[in-house]
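Colleague: quick check, what structure comes out for this input:
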Amino acid sequence: MKKKAKRIALRGGAVVLPKGIAQNGLILIKEGRIEYAGAERKYSQKEYETIDITGMTASPGLIDAHTHLGVYAEGSGEMGEDGNEMIDPVTPHVRAIDSIDPEDPAFGEARADGVTSVMITPGSGNVIGGAACVVKTRGRIVEEMIVDRDIGQKMATGENPKRVYGGQKKAPMTRMGIAAVMRTALVEAQNYRDKIKKKKNDTPLDLRMEALQAVISGKKPARVHAHRADDIMTAIRIADEFGMKIVVEHGTEAYKIADILAAKKIRLNLGPSTTGRSKVELKDLVRDNAARCIKAGCIVSLITDHPVIPIQELRQEAIKLVRDHGAPRDEVFKAITSTPAATLGITRRAGSLERGKDADVAVYSSHPLDPAAVCHMTMINGEAVFRRD
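Modeller: Residues are numbered from 1 along each chain as shown. I've put the predicted structure just below:
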């Protein structure tokens, strides 16, 4: 006899929905997906395991749109630093997925504060650093965690590639050198594509060039590390030249050109804002960068850049924007749920509590952006992966 699929009901608490909050809400979960989310209604209590969350608030699992979880594993020292293949400024054929250590304790810390999905990206030592991926924060092996193994190429401007390769007395040593290296690689990828299209049998398979095809075709974005406003504009300039889509990663000085970024609808993964000004390109860091950009109409997701800021501080980054800088709570909440889901291309599965999506749910003592709120339970695919005693 076939065992019935497990069904779960979360009832009695507030439920954060795309268009508001159901104060006496209900979430029905079947086979790891959301069957219903909304106001309380009748359901067969015989068919569901009911979890009473009266006095609490259920929200979609949080999403961090830029981390290095698992590729810079907590407590692993230098031997656990697997994010930068700094032998060549152009390494599009490497993939973050191949460096992830699922036993990184930071995954557990993410779950303990309701973070259920993250982008994991290579570092910014190279001009083109490899493929980023999206994973759930729970799994014994990477194959159990993966949502999308390739969501575009990590690229970088500014100080990091300059420091790595300038220190070796080789290109790129300057910002113009970084732009030149980036353009050269993209032209090589176009030339490779054209040869393949002409069906030249003597064109050998080139993993480096293959990895750039989705970017030059516009199917996947270049995810460009850029802090200074001029570096952001260089990334936009090159994107326009090649017809690429880009996402700006970090965007420390995005507030200086927020009107331009809003008009161009450039997606921004902003942060972290609570770091020190540890290098020259962070000298104009302001704590309300994301608040200013949201006010200007930009498309903003908040990030921790874990381990720069620990993953469990994602919600604190959002809380500070509301509490200290007057950013609208609903917009900031979107910046850690539905907006990163869209920026990462996983809206079909995550980012909001809606029928058919993965049952990734976080239950807090109050609204997740209440400074005193505590995470009491986290569910991934309908299974409780964290419970507070």
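
Colleague: pLDDT (mean, whole number) over stretch 283-296?
Modeller: Per-residue pLDDT values over stretch 283-296 give a mean of 97.

Colleague: just the element for residue 324, please.
Modeller: Per DSSP states H and E, residue 324 falls inside helix 314-325.

Colleague: centre of the chain versus that helix, how much separation?
Modeller: In terms of C-alpha atoms, centre = their mean, to the nearest Å, the centre of helix 314-325 is set 18 Å apart from its chain centre.

Colleague: so where is this structure shaky, pLDDT-wise?
Modeller: Residues of the chain meeting the criterion pLDDT under 70: 1-5, 200-201.

Colleague: for it, longest helix please?
Modeller: Of all the segments of type helix in the chain, defined by DSSP state H, the longest one is helix 175-197.

Colleague: only alpha carbons, please: show it as CSV.
Modeller: What follows is helix 175-197, C-alpha atoms only, in CSV (Å, rounded to 0.1, in the frame of the first residue of the first chain):
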residue,chain,number,x,y,z
ARG,A,175,41.3,49.8,-14.5
MET,A,176,41.8,50.3,-18.2
GLY,A,177,43.6,47.0,-18.2
ILE,A,178,40.7,45.2,-16.5
ALA,A,179,38.3,46.6,-19.1
ALA,A,180,40.6,45.5,-21.9
VAL,A,181,41.0,41.9,-20.5
MET,A,182,37.2,41.7,-20.1
ARG,A,183,36.6,42.9,-23.7
THR,A,184,39.2,40.6,-25.1
ALA,A,185,37.7,37.6,-23.5
LEU,A,186,34.2,38.5,-24.7
VAL,A,187,35.4,39.0,-28.3
GLU,A,188,37.2,35.7,-28.2
ALA,A,189,33.9,34.1,-27.1
GLN,A,190,32.1,35.8,-30.0
ASN,A,191,34.7,34.6,-32.5
TYR,A,192,34.5,31.0,-31.0
ARG,A,193,30.7,31.2,-31.4
ASP,A,194,30.9,32.3,-35.0
LYS,A,195,33.3,29.4,-35.9
ILE,A,196,31.0,26.9,-34.3
LYS,A,197,28.0,28.4,-36.2
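
Colleague: any buried residues in it, and which?
Modeller: By 16 or more other C-beta atoms under 10 Å, the buried positions in helix 175-197 come out as 175, 177-179, 181-182, 185-186, 188-190, 192-193. (Each C-beta comes from the backbone N, C-alpha and C, glycine too.)

Colleague: closest to residue 381 among these?
Modeller: Proximity of those to residue 381 (C-beta to C-beta) peaks at residue 189, which lies at 36.3 Å.

Colleague: correct me if wrong: the closest one contacts residue 207.
Modeller: No: the pair residue 189 / residue 207 is not scored as a contact, 11.8 Å apart, by C-beta atoms under 8 Å.

Colleague: buried ones in stretch 41-60?
Modeller: For stretch 41-60, burial by neighbour count (16+ other C-beta under 10 Å) applies to 43, 48, 51, 53, 56-60.

Colleague: out of the residues you listed, which are inside strands?
Modeller: 51, 57-60 (DSSP state E).

Colleague: which one of those is nearest residue 134?
Modeller: residue 60 (15.0 Å).

Colleague: how about a markdown table for the buried residues of helix 175-197, with distance to residue 257 added?
Modeller: Converted to a markdown table, the buried residues of helix 175-197 look like this (distance: C-beta to C-beta, whole Å):
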| residue | distance to residue 257 |
| --- | --- |
| 175 | 16 |
| 177 | 23 |
| 178 | 19 |
| 179 | 18 |
| 181 | 24 |
| 182 | 20 |
| 185 | 25 |
| 186 | 23 |
| 188 | 30 |
| 189 | 28 |
| 190 | 28 |
| 192 | 33 |
| 193 | 32 |
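
Colleague: so residue 274 makes contact with residue 289?
Modeller: No: under the criterion of C-beta under 8 Å, residue 274 makes no contact with residue 289, lying 11.0 Å away.

Colleague: which of these two has more neighbours?
Modeller: Each of residue 274 and residue 289 has its neighbours counted (other C-beta atoms under 10 Å); residue 289 has more, 25 against 14.

Colleague: surely the more buried one touches residue 251?
Modeller: Yes: counting by C-beta under 8 Å, residue 289 touches residue 251, with 7.2 Å between them.

Colleague: what touches both of these two?
Modeller: Counting by C-beta atoms under 8 Å, 6 or more residues apart in numbering, the residues touching both residue 289 and residue 251 are residue 270.

Colleague: can you give me the helices for the chain?
Modeller: 106-111, 142-145, 159-166, 175-197, 207-216, 229-242, 258-264, 289-295, 314-325, 329-334, 338-343.

Colleague: could the ones you listed be laid out in JSON lines, adding distance to residue 118?
Modeller: Shown next, in JSON lines, are those (distance: least, C-beta to C-beta, whole Å):
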{"stretch": "helix 106-111", "distance to residue 118": "7"}
{"stretch": "helix 142-145", "distance to residue 118": "10"}
{"stretch": "helix 159-166", "distance to residue 118": "21"}
{"stretch": "helix 175-197", "distance to residue 118": "26"}
{"stretch": "helix 207-216", "distance to residue 118": "21"}
{"stretch": "helix 229-242", "distance to residue 118": "23"}
{"stretch": "helix 258-264", "distance to residue 118": "23"}
{"stretch": "helix 289-295", "distance to residue 118": "18"}
{"stretch": "helix 314-325", "distance to residue 118": "9"}
{"stretch": "helix 329-334", "distance to residue 118": "17"}
{"stretch": "helix 338-343", "distance to residue 118": "9"}
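
Colleague: figure out which of the ones you listed is closest to residue 65.
Modeller: Using C-beta to C-beta, the helices of the chain put helix 338-343 closest to residue 65, at 3.8 Å.
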